[in-house]
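>>> make a model of this:
(one chain, ligands or ions: 1)
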Amino acid sequence: MSTSAELKQRDNQFIHPWDDMVKIGGHQRTLLDKGDGIYVYDDEGNRLIDAPAGMWCVNIGHGREEMAQAVYDQIMALTYVSPWSMTTGPAAEFASLLAEQSPGDLNHVFFTTGGSTAVDSALRFVHFYNNMRDMPSKKHIISQKRGYHGSTYLSGSVSGKERDKGNLHFEENLVHHIDAPHPLLKPAAMSDAEFLDACVANLENMIERVGSDNCAVFVAEPVLASGGLIVPPEGYHQRCLEVCRKHDMLYLSDEVVTAFGRLGHCFASEAVFGITPDIITTAKGLTSGYIPMGAFLVSDRLLREIKERGGDSAVFSNGFTYSGHPVAAAAGIKNLEIMQREKLFEQARETGPYLQQQMQKLRDIPIVNDVRGLGLMSCVECELKQGSDDLALDYELGNRIDEHCQEMGLIVRPMINMCVLSPPLTISKEQIDEVVGILRKGIELAMQDCIDEGLWVPEKQAV
Ligand SMILES: Cc1ncc(COP(=O)(O)O)c(C=O)c1O
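Presented below is the predicted three-dimensional model:
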């Protein structure tokens with residue numbers, strides 16, 4: 001058995017997502033080895049609240065024995081069959097359960113291995129759809145700056161986080177980004193209604209620039225998650241859907257984060273934002289992260305059109321060895337059963353607004369620039385120099401907050417200078433109080449560090 005110190009050293013052979021290659025060899029990551037409910041435990045036995053639920057995914061909480069049992073039972077019954085020519089009970093049943101839960105006529109499910117492959121496959125489906133309709137020029141994709149849609153070549157290209165674009169290559173001919181509908185971008189003199197009009201006009205203007213005949217799809221997260229928890233102005237998604245309809249474009253709602261209770265419903269597109277998109281992509285909470293899986297759901301309407309126009313054959317030549325993996329599907333079925341039996345969506349509709357309310361109280365800390373969120377997704381953004389774009393300083397501040405919080409028993413996920421919370425749906429109001437209390441102390445301690453080290457001079461002391 002390796003010691004913790006040896007494992008941490010060996011971990012340098014593991015290239016992690018977004019790893020800094022220059023630092024490989026010198027990492028000492030926290031080693032976690034146990035999870036239970038909203039808590040995880042490190043190798044020294046310290047209990048930490050998992051406020052991001054891993055990566056917005058462990059929605060039913062850690063360490064569920066019945067999930068382990070469901071996965072075990074399926075492995076012992078049947079580990080795998082090729083989804084090309086055969087099926088299994090769990091895959092068939094899970095597809096039909098998802099169709100029941102989805103809005104409108106999104107009644108067909110394509111299973112993938114995670115969120116990136118769900119978005120990638122859905123976009124390939126959009127291209128396939130327009131080929132079948134004899135509209136081969138309709139291939140261009142419009143998405144949002146600060147949106148995140150994954151790490152395959154296409155889903156990464158559709159993502160719009162500028163700070164991730166530096167060192168890789170992306171598809172630039174087919175993908176166009178419009179400004180994120182970020183309320184912080186609203187000029188002071190603009191009314192809310194004018195701001196909404198301006199956000200929608202961004203989409204219309206881009207369509208005009210690219211040409212309606214070339215535009216295939218608009219891709220949007222209901223709430224931009226890893227781009228900094230941006231909640232669009234009310235009515236934004238409905239208005240954008242109308243624009244899409246006008247230009248014969250599809251609307252792809254990327255619910256990799258927002259589905260499975262994060263916003264208090266199985267899917268948020270219709271229940272929270274009043275839209276029935278043409279395609280929904282999902283992952284993460286789909287299996288609460290117990291086993292990797294993703295999916296896209298597509299409407300009857302699109303399939304009908306393909307059938308009508310496809311002639312004798314319309315093969316969608318896209319898929320994965322693990323599409324509809326029976327063990328992942330068994331985990332998905334059990335996950336949904338737990339969520340429904342324990343009324344976790346209802347619970348999230350209670351605790352979500354409470355989390356938002358408590359987080360707003362952090363605004364009195366001088367370096368807190370904004371607090372925003374919806375449901376069980378919340379973000380506090382800190383800034384030492386208001387309005388500056390000093391990336392190094394932003395990272396420094398975020399890391400300090402993270403370190404202080406972790407010392408006090410709370411994992412927050414610093415996305416540069418933003419701490420994002422998306423706890424398991426099982427979190428109670430008392431636990432939310434504890435989370436926000438530690439976060440407050442963590443921000444205050446980081447602020448004090450910055451004062452002590454001369455990185456920041458509070459305004460009242462400035463000369
Ligand atoms: C909205 C959204 N779409 C897609 C993805 C990609 O999912 P995955 O990391 O499972 O490939 C993510 C991941 O964070 C996401 O937040």
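>>> what ranges does the protein have for its helices?
Assigned by DSSP state H, the helices in the chain fall at 4-10, 53-56, 65-77, 89-101, 115-132, 153-158, 192-210, 236-246, 268-271, 300-309, 326-341, 344-360, 391-407, 429-452.
>>> between the last one and helix 344-360, how many degrees?
The directions of helix 429-452 and helix 344-360 differ by 30 degrees, with axes from the mean of the first three to the mean of the last three Cα atoms, to 10 degrees as the criterion.
>>> give the other helices and strands that helix 429-452 contacts.
Helices and strands touching helix 429-452, by 3 or more Cβ pairs under 8 Å, 6 or more residues apart in numbering; DSSP states H and E, are strand 47-50, helix 344-360, strand 377-382, helix 391-407, strand 410-411, strand 418-421. From N, CA and C alone the C-beta is placed, and that goes for glycine too.
>>> check contacts around the closest residue to residue 235 other than its chain neighbours.
The shortest distance from residue 235 to any non-neighbouring residue, by Cβ to Cβ, 6 or more residues apart in numbering, is to residue 196 (5.8 Å). Neighbouring residues of residue 196 by Cβ atoms under 8 Å, 6 or more residues apart in numbering: 233, 234, 235, 236, 239.
>>> contact partners for the fourth one?
Neighbouring residues of residue 236 by Cβ under 8 Å, 6+ apart: 181, 196, 199, 200.
>>> and the first one, by the same measure?
Going by Cβ under 8 Å, 6+ apart, residue 233 touches 181, 183, 192, 195, 196, 199.
>>> now do it against residue 195, distance only.
6 Å (Cβ to Cβ, to the nearest Å).
>>> any shared contact partners between these two?
Contacts common to residue 233 and residue 195, judged by Cβ under 8 Å, 6+ apart, are residue 183.
>>> stretch 305-314 spans what distance, first to last residue?
Distance between the boundary residues of stretch 305-314 (Cα to Cα, to the nearest Å) amounts to 11 Å.
>>> what of stretch 283-299?
With Cα to Cα as the measure, stretch 283-299 spans 18 Å from end to end.
>>> and that stretch, how far out from the chain's middle?
Stretch 283-299 has its C-alpha centroid displaced from the chain centroid by 11 Å (Cα atoms, centre = their mean, to the nearest Å).
>>> stretch 300-313 too?
The answer for stretch 300-313 is 31 Å, by Cα atoms, centre = their mean.
>>> kindly report the same for stretch 312-330.
23 Å.
>>> and stretch 189-209, by the same measure?
Computed by Cα atoms, centre = their mean, the chain-centroid distance of stretch 189-209 equals 24 Å.
>>> name the residues that touch stretch 78-91?
Residues contacting stretch 78-91 (Cβ under 8 Å, 6+ apart): 74, 111, 319, 321-327, 329-330, 332-333.
>>> output those residues in TSV; the columns should cover pLDDT, neighbour count and distance to the ligand.
Listed next are the contacts of stretch 78-91 as TSV, based on pLDDT from 0 to 100; neighbours: other Cβ atoms under 10 Å; distance: Cβ to the nearest ligand atom, whole Å:
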residue	pLDDT	neighbour count	distance to the ligand
74	98	24	21
111	98	26	13
319	97	15	16
321	98	10	16
322	98	19	13
323	98	21	15
324	98	25	16
325	98	25	14
326	98	23	20
327	98	24	17
329	98	27	16
330	98	29	19
332	98	29	14
333	99	20	19
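>>> closest to residue 385 among the residues you listed?
residue 332 (45.6 Å; Cβ to Cβ).
>>> and this protein, what are its domain boundaries?
Domain assignment for the chain by automatic domain parsing gives 31-60+343-461, 66-341.
>>> and those domains, which one averages the lowest pLDDT?
Of all those, the minimum mean pLDDT falls on domain 31-60+343-461 (a mean of 93).
>>> so who does whatever residue of the chain ends up closest to the ligand touch?
In the chain, no residue comes nearer to the ligand than residue 115, which is 2.1 Å away by Cβ to the nearest ligand atom. Applying Cβ under 8 Å, 6+ apart to residue 115 gives the contacts 149, 150, 155, 254, 256, 281, 282, 283, 284, 294.
>>> the ligand contacts on the stretch 1-150 of the chain?
Within the stretch 1-150 of the chain, the residues that sit near the ligand (Cβ under 6 Å from any ligand atom) are 114, 115, 116, 119, 148, 149, 150.
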